[in-house]
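**Student:** give the three-dimensional model of this entry:
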Amino acid sequence: MLIRQTNVEEEVPINLMPLIDMVFLLLIFFLIATRFAQEERDSSIQLPGTSMVQPLSAPPQQLIINIRSNGDMKVGPRVYKEEKPLREMLCRVATNEPNREILIRCDERAYHKYFAGVARICREAGIPEVKIGYILNQPVPQVQ
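**Tutor:** Alright, predicted model coming up:
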């Protein structure tokens with residue numbers, strides 16, 4: 001007697017290699033993108049702390065001016081040792097991008113005159129408002 005076999009479909013295993021490749025590509029992309037976002041912030045600058053104000057988050061369209069303790073001004077990868085090239089760059093920014101925000105991050109060990117000089121240059125270049133970078137310290141309870 002002849003017994004007929006029915007077609008038994010075998011389950012094909014799911015190929016996870018394309019998914020794993022995509023996850024690794026996304027991981028690499030976000031690691032690189034995070035590095036570019038932090039590149040403008042000079043890590044050698046120690047910002048002064050305050051405990052009275054809520055922290056501000058920096059929008060991505062800010063132009064960040066870092067002032068080192070010796071008075072050197074750094075914007076992105078470029079270091080300005082004199083005011084004239086910085087003034088020219090800020091005049092171009094004020095003309096081409098009038099709504100761009102400026103964030104000044106001054107080292108707490110720097111003299112106030114360096115910060116005041118950069119703020120004056122921004123005002124002379126036509127930038128209506130600048131923001132100041134600082135670190136928010138937790139308030140210390142006062143014992144009375």
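**Student:** okay, residue 27: pLDDT?
**Tutor:** Residue 27 is assigned 91 on the pLDDT scale.
**Student:** show me how far the helix or strand where it lies is from its chain's centre.
**Tutor:** According to DSSP states H and E, residue 27 maps onto helix 17-38. What separates the centre of helix 17-38 from the centre of its chain is 18 Å, taken as C-alpha atoms, centre = their mean, to the nearest Å.
**Student:** and what of stretch 67-76?
**Tutor:** For stretch 67-76 - counting by C-alpha atoms, centre = their mean - the centre lies 16 Å from the chain centre.
**Student:** contacts for that stretch?
**Tutor:** 39-40, 42, 44-46, 63-66, 79-81, 86, 89, 104-107, 109-111, 114-115, 118 (C-beta atoms under 8 Å, 6 or more residues apart in numbering). To be clear about C-beta, it is placed using only N, CA and C from the backbone, and glycine gets the same treatment.
**Student:** and the residues you listed, which are buried?
**Tutor:** Among those, the ones that count as buried by 16 or more other C-beta atoms under 10 Å are 40, 42, 45, 63-66, 80, 86, 89, 104-107, 110, 114-115, 118.
**Student:** among those, name the ones in strands.
**Tutor:** Within these, membership in strands is found for 63-66, 80, 104-106, as judged by DSSP state E.
**Student:** mind listing the helices for this structure?
**Tutor:** With helices called from DSSP state H, the chain shows them at 17-38, 83-96, 112-125.
**Student:** can you put those helices in TSV and add distance to residue 141?
**Tutor:** Below are those laid out as TSV (distance: least, C-beta to C-beta, whole Å):
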stretch	distance to residue 141
helix 17-38	33
helix 83-96	42
helix 112-125	30
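**Student:** about what we covered before: list the helices and strands the helix holding residue 27 packs on?
**Tutor:** Contact analysis of helix 17-38 by 3 or more C-beta pairs under 8 Å, 6 or more residues apart in numbering; DSSP states H and E lists no helix or strand as a packing neighbour.
**Student:** quick check, pLDDT for residue 53.
**Tutor:** 57.
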